[in-house]
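**Student:** From the sequence below, what's the structure:
(one chain, ligands or ions: 1)
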Amino acid sequence: MEKLKVLFASSEAVPFAKTGGLADVAGSLPIALEELGVDVRVIMPKYASVKVKASEATIGKNVKVYFVENDDYFNRKELYGDKFGDYHDNLDRFVFFCREALERCKSENFAPDIINCNDWQTAPIPVYLNTNYKFDPFFSNTKTLFTIHNMAYQGLFPKDEYPKLGLDWVLFSIDYFEFYDKVNLMKAGLVYSDAISTVSPTYAKEILTKEFGCGMEGVLKTRVDVLSGILNGLDYDQWNPETDKKIFKNYSAETSGDKCINKEALQKELGLKIDRDIPMIGLISRLADQKGLDLIAKIIDDLLNLKIQFVLLGTGDNKYHVLFGKMAKAHPKNISVNLKFDATLAQKIYAGSDLFLIPSRYEPCGLGQMISFKYGTIPVVRQTGGLKDSVTEFDAKTMQGNGFTFEEYKPDRLFAAIKKGLSFYNNKETWSGLVKKVMNLDYSWNASAKEYVKLYNKILKKGE
Ligand code: ADP
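**Tutor:** Sure thing, here's the model as predicted:
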C-alpha cells in the first residue's frame, strides 16, 4: 500500500523556532506520524533562529523539514512582532509563506494527500488550493485539514491589504474573508478546508459558543460535521526527567525523591532561600490575558502567607511585565520572576517545582500540565479546554485523580485549589504516591497520532 503523504505546514516548530505550544506540536506530531508509517514533511519559515545553512533539515528518523527562505521577511529575531507590536508586513510574510509552501511541494515533487494547516498563518493554503490551484493537476488529490491551536489569533488585517492575497475581490465577502470590514485569514481557512480540528475534544465543543468562539462560532456551526478535537501529546524524548540534560539531577518515578535536589539547585540559582521542605509553585507561560494571570496577582499576598516559593517564567504583554516586576521587588525572598523566554530554565522549573499553576481563562490544550506530570509536578488548573480533558481532581482516599482543579474564574477558587494541593504536600506518603502516579501517566503522542491518521483517512475517503 502506498504511504499516506502529509505536508505539515506550521509557522513554528521545535527545535527551530518557538513562541508556544504550536511549535511543540509541529516538532513532535510529525515524528509520531512517521513512526506510524506516514510520509510526513514539515514546512516552516526560515527565521533568524533557524541555525541551519541548507534549505531543509531532518527531525525524527527521516522527517524532512523544508524551510521557506526570504531574508526580508523571515530573517528576524522574533516570529510575529517585536516590542512595538505585530510586524506591519505580517500579511505579506505569511501569504508568501503559503504560496511558497505549495510551490515547494511541486519542486520537491511531493504531492500530499493531506496538507495539515495550523493556525491563521497557514489559512490561505486551503483557499489557494480551491482558487488559484483549483485546476492544477498536481494537487488534484490533495485535501486539507485546518487545525486550530488558538481561536483568539485569527490573522486580522485592514481591508486595503486584501489585494496582497492576489485573490478576486468577490472573496472579500462575509462568507469568506470579511470580518467587520477587515480581512480575516482564519475565517476563510475555516470555510475552505476539507476538515477542521482543534487540540482537545472539550475545546472543539467550546469554540461553538459565543464565549470561546471569538466571533467564529457562526462559521464553525456551519462546519460542525467536519469539526473534531484531538488532544495534543508530548514528545517524551524531549521532555523526560530521566534523560533531560538541562536539569540538575535526573530522576524517574522510582527515584522521584531526587526531585528535591533539583529544587535546591534551582533555589540557589534563583537566589531563593534553600530549603527542600518549602513547597515551590511554578508558572511558565506566555504573559497574555488568556492565561489567568490577573487571578495570581489578586492572591499573591495570601499565597505568600502560606510559606511557599513562587517561580515565574514568562514573557508577553508589557502590563504583566510591570505587574510581576513589582511583585518580585516586594517579595524578593520568596518570589523569583523571570521575564524572558528561556527553554533551559523552563526545564529546571518543571523539575524543581512541586505545584504548577495554569489558571487559564481558556486553554485549547495546554502542554504545561502534561510536562508537569512527566516531571512529577502536580498541576493546579482551571477546568477548561484541554485542561479539563487531562487533569482531574485528586482524591487522597482513593488515590484517583492527578491534580487540583477549579471551575469558576475567581481568585478565591484558585486560592482554594492551591491550598488543597498544599494540604497534601505535607503528608509525605500521599504526596510521593501522587508524584509517582502522575509520572507514570502516558500523555505521549501514542494515542493521539493514531487519531490524526484516522482523521486524515476519513477526509480522504469522503473526498473520493
Ligand atoms: P501556548 O501555546 O498558549 O503558549 P501551551 O501550554 O500550549 O501554551 O504551550 C506553551 C509551551 O511554551 C510550553 O512548552 C511551555 O513550557 C513553553 N513556554 C511558555 N513560555 C515560556 C518561556 N517564557 N520560556 C520557555 N518556555 C516557555
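
**Student:** CA only for contacts and neighbour counts going forward, please
**Tutor:** OK.

**Student:** Contacts only, for residue 395.
**Tutor:** Neighbour list for residue 395: residue 401 [criterion: C-alpha atoms under 8 Å, 6 or more residues apart in numbering].

**Student:** Name all residues that make contact with residue 346.
**Tutor:** 284, 313.

**Student:** residue contacts, residue 308?
**Tutor:** 278-281, 334.

**Student:** Narrow those to those in helices?
**Tutor:** The subset of the contacts of residue 308 located in helices under the criterion DSSP state H is empty.

**Student:** Name the nearest residue to the closest residue to the ligand within the stretch 1-150 of the chain, ignoring sequence neighbours.
**Tutor:** Residue of the stretch 1-150 of the chain nearest the ligand, by C-alpha to the nearest ligand atom: residue 21 (3.3 Å). Using C-alpha to C-alpha, 6 or more residues apart in numbering and skipping the chain neighbours, the partner closest in space to residue 21 is residue 367 (6.6 Å).

**Student:** Tell me the pLDDT of the one you found.
**Tutor:** Residue 367 is assigned a pLDDT of 96 by the prediction.

**Student:** Surely it and residue 22 touch.
**Tutor:** No. With contact defined as C-alpha atoms under 8 Å, residue 367 does not count as touching residue 22 (9.9 Å).

**Student:** who touches both of the two?
**Tutor:** Counting by C-alpha under 8 Å, 6+ apart, nothing touches both residue 367 and residue 22.

**Student:** Phi, psi for residue 56 please.
**Tutor:** Here is the backbone geometry of residue 56 (degrees, to the nearest 10): phi -150, psi 160.

**Student:** which residues touch the residue nearest to residue 21?
**Tutor:** Counted by C-alpha under 8 Å, 6+ apart, residue 367 has contacts 21, 232, 234.

**Student:** By neighbour count, which of the residues you listed wins?
**Tutor:** residue 232 (28 neighbours; other C-alpha atoms under 10 Å).

**Student:** helix or strand for that one, which one?
**Tutor:** Using DSSP states H and E, residue 232 sits within no helix or strand.

**Student:** Residue 68 - how many residues pack around it?
**Tutor:** Neighbours of residue 68 using other C-alpha under 10 Å come to 21.

**Student:** how near is it to residue 75?
**Tutor:** 11 Å (C-alpha to C-alpha, to the nearest Å).

**Student:** where do the contact lists of these two overlap?
**Tutor:** With C-alpha under 8 Å, 6+ apart, residue 68 and residue 75 have common neighbours residue 46.

**Student:** wait, residue 244 sits on residue 252?
**Tutor:** No. Counting by C-alpha under 8 Å, residue 244 does not reach residue 252; the two are 10.9 Å apart.

**Student:** Would you mind naming what in the stretch 201-350 of the chain lies close to the ligand?
**Tutor:** Taking C-alpha under 6 Å from any ligand atom as the contact definition, the stretch 201-350 of the chain meets the ligand at 284-286, 313-315, 340-343, 346.

**Student:** got TSV for the contacts of residue 367, with pLDDT and distance to residue 375 too?
**Tutor:** Shown next, in TSV, are those (pLDDT from 0 to 100; distance: C-alpha to C-alpha, whole Å):
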residue	pLDDT	distance to residue 375
21	92	18
232	98	17
234	95	12
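
**Student:** mind showing which ranges of this protein have poor pLDDT?
**Tutor:** 463-464 (pLDDT under 70).

**Student:** And it, what are its domain boundaries?
**Tutor:** 5-233+445-462, 256-439 (automatic domain parsing).

**Student:** How far off centre is the first one?
**Tutor:** Put plainly, it is domain 5-233+445-462. Relative to the chain's own centre, domain 5-233+445-462 is displaced by 14 Å; criterion: C-alpha atoms, centre = their mean, to the nearest Å.

**Student:** And the last one, by the same measure?
**Tutor:** Put simply, domain 256-439 sits 18 Å off its chain's centre (C-alpha atoms, centre = their mean).

**Student:** that older thread, can I get the contacts of residue 367 in TSV including distance to residue 189?
**Tutor:** Output for the contacts of residue 367, formatted as TSV (distance: C-alpha to C-alpha, whole Å):
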residue	distance to residue 189
21	20
232	21
234	26
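
**Student:** before we move on, back to that, go ahead and confirm the residue of the stretch 1-150 of the chain closest to the ligand touches residue 364.
**Tutor:** No. Contact between residue 21 and residue 364 fails when scored by C-alpha under 8 Å: they sit 10.0 Å apart.

**Student:** where do the strands sit along the stretch 51-200 of the chain?
**Tutor:** 56-59, 63-68, 81-82, 85-86, 114-118, 143-148, 156-158, 178-179, 182-184, 195-198 (DSSP state E, counting those that start in this stretch).

**Student:** can I get those in TSV with distance to the ligand?
**Tutor:** Output for these, formatted as TSV (distance: least, C-alpha to the nearest ligand atom, whole Å):
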stretch	distance to the ligand
strand 56-59	18
strand 63-68	20
strand 81-82	15
strand 85-86	16
strand 114-118	12
strand 143-148	11
strand 156-158	18
strand 178-179	24
strand 182-184	20
strand 195-198	12
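
**Student:** and the ones you listed as TSV, adding distance to residue 398?
**Tutor:** Converted to TSV, the strands of the stretch 51-200 of the chain look like this (distance: least, C-alpha to C-alpha, whole Å):
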stretch	distance to residue 398
strand 56-59	42
strand 63-68	43
strand 81-82	48
strand 85-86	49
strand 114-118	40
strand 143-148	37
strand 156-158	49
strand 178-179	51
strand 182-184	49
strand 195-198	33
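
**Student:** Nearest to residue 291, out of those strands?
**Tutor:** strand 143-148 (17.5 Å; C-alpha to C-alpha).

**Student:** which secondary structure elements does that closest one contact?
**Tutor:** Using 3 or more C-alpha pairs under 8 Å, 6 or more residues apart in numbering; DSSP states H and E, the elements in contact with strand 143-148 are strand 114-118, strand 195-198, helix 446-463.

**Student:** Could you export these as a markdown table, including mean neighbour count?
**Tutor:** Below are the helices and strands packed on strand 143-148 laid out as a markdown table (neighbours: other C-alpha atoms under 10 Å):
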| stretch | mean neighbour count |
| --- | --- |
| strand 114-118 | 26 |
| strand 195-198 | 25 |
| helix 446-463 | 16 |
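
**Student:** Figure out which of those is closest to residue 376.
**Tutor:** helix 446-463 (20.1 Å).

**Student:** Output the contacting helices and strands for that closest one.
**Tutor:** So helix 446-463, by 3+ C-alpha pairs under 8 Å, 6+ apart, packs with helix 21-35, strand 143-148.

**Student:** most tightly surrounded among those?
**Tutor:** Of those, the one with the most neighbours on average (mean count of other C-alpha atoms under 10 Å) is strand 143-148, at a mean of 25.

**Student:** So what touches it?
**Tutor:** Counting by C-alpha under 8 Å, 6+ apart, 113-119, 123, 126, 189-190, 193-199, 456, 459-460, 463 sit against strand 143-148.

**Student:** Tell me the strands beside it, with direction?
**Tutor:** Paired strands of strand 143-148, with direction, are strand 114-118 (parallel), strand 195-198 (parallel) (DSSP bridges).
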